[in-house]
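In: model the following, please.
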Amino acid sequence: MRKVLRKIFIAISTVFLLVPHALAHFSAENPEVCPQSNRLFGVQTTTSGSESIIRKLISPNGQITFSIVRDSLSLSYSVSYKSRILIRKSRLMLDFQDNGLFGKDIDVAKPVFRKVDESYNLIVGKNKKIRNQYTEMTVQMAEQMAPYRHINLVVRAFNDGIAFSYDFPKQQNWKSFSLKEENSSFNLTGNPEVLTLFRAGFTTSHEGLYTSLPYDAIHPDTLMDLPALFDFKGTYMAITEAALSDFAGMYLIKHNGVLCSKLSPLPGGNGVRVTGDLPHKSPWRVMLISDRLGDLFESNILTNLNEPCKIKEVSWIKPGKTTFPWWNGTVVSDTTIVPGNNFETNKYYIDFCARNGLEYHSVVEQGGHEWYMNNGTGYQPGTEFDVTRPVEGLDMQKVCDYAKSKGVMIRVWVHWAALYPKLEEAFIQFQKWGIRGLMVDFMDRDDQQMVNIQTEILQRAAVHHLHIQFHGAYKPTGLHRTYPNEFTREGTLNYEVNKWEKKITPDHDLNVIFTRLLAGATDYHLGGFRAVPDDQFIARNIKPVMLGTRCHMLAMYVVLESYLGMVCDSPDAYENQPGFEFLKRIPTIWDETKVLNAEVSKYITFARRKNSDWYIGTVTNHEPRVVTVSLAFLKAGSYLAEIYTDSPDCKSNPNLLIKEIKTVTPNDKLNLRLAAGGGEVIYLHQK
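Out: Sure thing, here's the model as predicted:
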């Protein structure tokens, strides 16, 4: 909804670990290759000129190596994958307001190693039972002169990536800090192809068109949003962050040819990015790495790096699908109902949900005015606003009671600046009415202050059994492990734009998938059931139309991860329409996720399991193609497959599809013909 406003205003003990694999170190003759060395006990000092590799950490499968290098200037690190260096001599420095740079003239203590292999369950997520296996190295770094600060570098190596974090422990002569910049760098080797979202500044909803370009072509000092994807000619790396809490969100810039971290500044902070008392720690700086693209999507590193669930009783957390009438213009086809934010209009949508097994109805707005009292315009809080007082004619208690009688739950939309000043009072009232969750919108920042506001909203919402959907918000960082009432986040340009502009194409969908989706749940305003050919697209506020085929839209529900699936179109767009039966059935949380096929920005196939049923979805860009889907991942047995594919006539009518039911086994391979901007979905259940 925030784009409407912009249209109007133009507007993150020492223990030795016996490493059972050979370790690698630099080769001056060929810096891209790491020759293997002898078996080590985790600590190594080797010298090459003025440099010494003094600490190493290797992943459990032996394929990823993190090396700390020391020279006359400071500490730096390198990362290699299968003996190929991807990141080399990348500085580790922190710049503080009071005492300047940390990273020069430091003493490095003998590291502490440990290995972890554990399991945990996610309440909401793309997988249910998660294996958390990694090796860890903690390196104590201490200044050799005043003010004698010490900071720990904590590094974790997983089979599918690496992560590091700065830990500021409690100490005698350093009680608090003001961080001006982090100055972590990522000195990439070669000239990888980059897929990224450039931003003009830190005040952003993280919504824009993605750019694919060689690394050498990136304009210096331009903000790059996260995640960003780097293709090293068949080896893939995505950079993002995990466990963003009480810190500033991280971006990247290319400065003097090297990628550097750039933190979002505190409003009015005179350049300060983060403040805090000790102990404190940074988010994890994460590099997902594999030569198989699917591994990046299947990875659980982000939740592995977050704390366990802090909500003691979770039975009230109910993921599901929801209406969002604002998108379709709050269409009511029953002409006996007077449109408005009233009981009858909401009853119309509640009845639609009850008939079709949709869990939630969203109460949003009518005619450009939100459901609560506010004298502001464009959904912005004015001089008088109150999210606990519905507009005249709307009895929220009556709406919630009726929805409960029909087995439907109610959720609402709110502007964060109208909610936050009376957060507890609002949540008490929402719980009293029977509201089960809310979309919090227009946040548009990821500085430390806003990060803390969002965390507080999640924490207080959990007390009152409310789920949260963040809009105009930064990427997810795995926090849904800790607070599973965080159902989804926006933070990408999505189908809502179809209401006023022709921008959201199947090509854009694929770019979003290979960047933003790598961070997790992606709210995308799914559900538009009025597809038109490209030359017939006209942006409109009521009953918006879509580019891409009906099957493409169905498949987006499988491909995108989101624990609150939107069904944005009006009831009359769905009922008795082909494919709606698939939307009614599809879950929003999963027990297992696999990626079967993928090529950057071109196509991808996801397979997701809930209980014993599998859902397969493939989407393609503007190119038609035939995709072969192997069913070898299935357990032995026979399965009934409901297959939805693009119709041969979908070029003139992209809403047409073909549904086929057949028996398949794990030995089968399905050749699926996708139209331009098309897709396919398959529902599999054992016979």
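
In: what bridges to Val619?
Out: Listed by DSSP bridges, the beta-bridge partners for Val619 are Ile604, Gly679.

In: quick one: strands adjacent to the lengthiest strand in the chain?
Out: Looking across the chain with DSSP state E, the single longest strand is strand 129-143. Sheet pairing for strand 129-143, assigned by DSSP bridges, gives strand 106-108 (antiparallel), strand 112-121 (antiparallel), strand 150-158 (antiparallel).

In: need the winner for burial among these.
Out: Highest mean neighbour count among the strands paired with strand 129-143 (mean count of other C-beta atoms under 10 Å): strand 150-158, with a mean of 22. In this view, the C-beta of every residue, glycine as well, is placed from N, C-alpha and C.

In: quick one: buried residues of the helix or strand following that strand?
Out: Going down the chain from strand 150-158, the next helix or strand is strand 161-168, by DSSP states H and E. If you call a residue buried by 16 or more other C-beta atoms under 10 Å, then strand 161-168 has these buried ones: Gly161, Ile162, Ala163, Phe164, Ser165, Tyr166, Asp167, Phe168.

In: could you check the angle strand 161-168 makes with strand 150-158?
Out: Between strand 161-168 and strand 150-158, the angle comes out at 160 degrees (axes from the mean of the first three to the mean of the last three C-alpha atoms, to 10 degrees).

In: list the helices and strands strand 161-168 packs on?
Out: strand 64-70, strand 150-158, strand 280-281, strand 284-290 (3 or more C-beta pairs under 8 Å, 6 or more residues apart in numbering; DSSP states H and E).

In: from the contact counts, what lies against the third one?
Out: I take that to be strand 280-281. By 3+ C-beta pairs under 8 Å, 6+ apart, strand 280-281 packs against strand 161-168.

In: and whichever helix or strand comes after the strand it packs on, which strands flank it?
Out: Next along the chain after strand 161-168, taking DSSP H and E as the criterion, comes strand 176-181. Strand 176-181 has these partner strands in its sheet, going by DSSP bridges: strand 94-96 (antiparallel), strand 274-277 (antiparallel).

In: which of the strands paired with strand 129-143 has the lowest average pLDDT?
Out: Per-segment mean pLDDT for the strands paired with strand 129-143 reaches its minimum on strand 106-108, at a mean of 89.

In: so what touches it?
Out: Strand 106-108 is contacted by residues Ile54, Arg55, Ile68, Arg70, Ser74, Leu75, Val139, Gln140, Met141, Ala142, Glu143, Gln144 when judged by C-beta atoms under 8 Å, 6 or more residues apart in numbering.

In: how about the helices in the stretch 351-500 of the chain?
Out: 396-405, 416-419, 423-433, 448-463 (DSSP state H, counting those that start in this stretch).

In: the third one to helix 448-463, inter-axis angle?
Out: Same thing as helix 423-433. Using the same axes, to 10 degrees: helix 423-433 against helix 448-463 is 30 degrees.

In: list the buried ones in helix 423-433?
Out: Buried residues in helix 423-433 (16+ other C-beta under 10 Å): Leu423, Ala426, Phe427, Gln429, Phe430, Trp433.

In: from the contact counts, what lies against it?
Out: strand 385-390, helix 396-405, strand 409-415, helix 448-463.

In: list just the one of the strands paired with strand 176-181 that sits closest to Ile643.
Out: Proximity to Ile643 (C-beta to C-beta) singles out strand 274-277 among the strands paired with strand 176-181, at 51.1 Å.

In: follow-up on the earlier one: residues of the longest strand of the chain that come out buried?
Out: For strand 129-143, burial by neighbour count (16+ other C-beta under 10 Å) applies to Ile130, Asn132, Gln133, Tyr134, Thr135, Glu136, Met137, Thr138, Val139, Gln140, Met141, Glu143.

In: mind putting the helices and strands packed on strand 161-168 in a markdown table, distance to Lys89 included?
Out: Below are the helices and strands packed on strand 161-168 laid out as a markdown table (distance: least, C-beta to C-beta, whole Å):
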| stretch | distance to Lys89 |
| --- | --- |
| strand 64-70 | 6 |
| strand 150-158 | 16 |
| strand 280-281 | 25 |
| strand 284-290 | 15 |
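
In: nearest to Asp569, out of these?
Out: strand 284-290 (34.1 Å).

In: any residues touching the helix or strand following that closest one, and which ones?
Out: Following strand 284-290 in sequence order, the next helix or strand is helix 293-298 (DSSP H and E). Helix 293-298 has contacts (C-beta under 8 Å, 6+ apart) with 160, 229, 236, 238, 288, 290, 517-518, 593-596, 598-600, 606.

In: for Asp441, which non-adjacent residue is spatially closest?
Out: His471 (4.1 Å; C-beta to C-beta, 6 or more residues apart in numbering).

In: same thing with Glu456?
Out: Leu423 (7.3 Å).

In: one more: Ala238?
Out: In space, Ala238 is closest to Leu288, 4.4 Å off (C-beta to C-beta, 6+ apart).

In: and that neighbour, how far from Ser184?
Out: 16 Å (C-beta to C-beta, to the nearest Å).

In: give me the buried positions along stretch 364-380.
Out: Quick answer for stretch 364-380 (16+ other C-beta under 10 Å): 364-366, 369-374, 376, 378-380.

In: same check on stretch 303-315?
Out: Thr303, Asn304, Leu305, Asn306, Cys309, Ile311.
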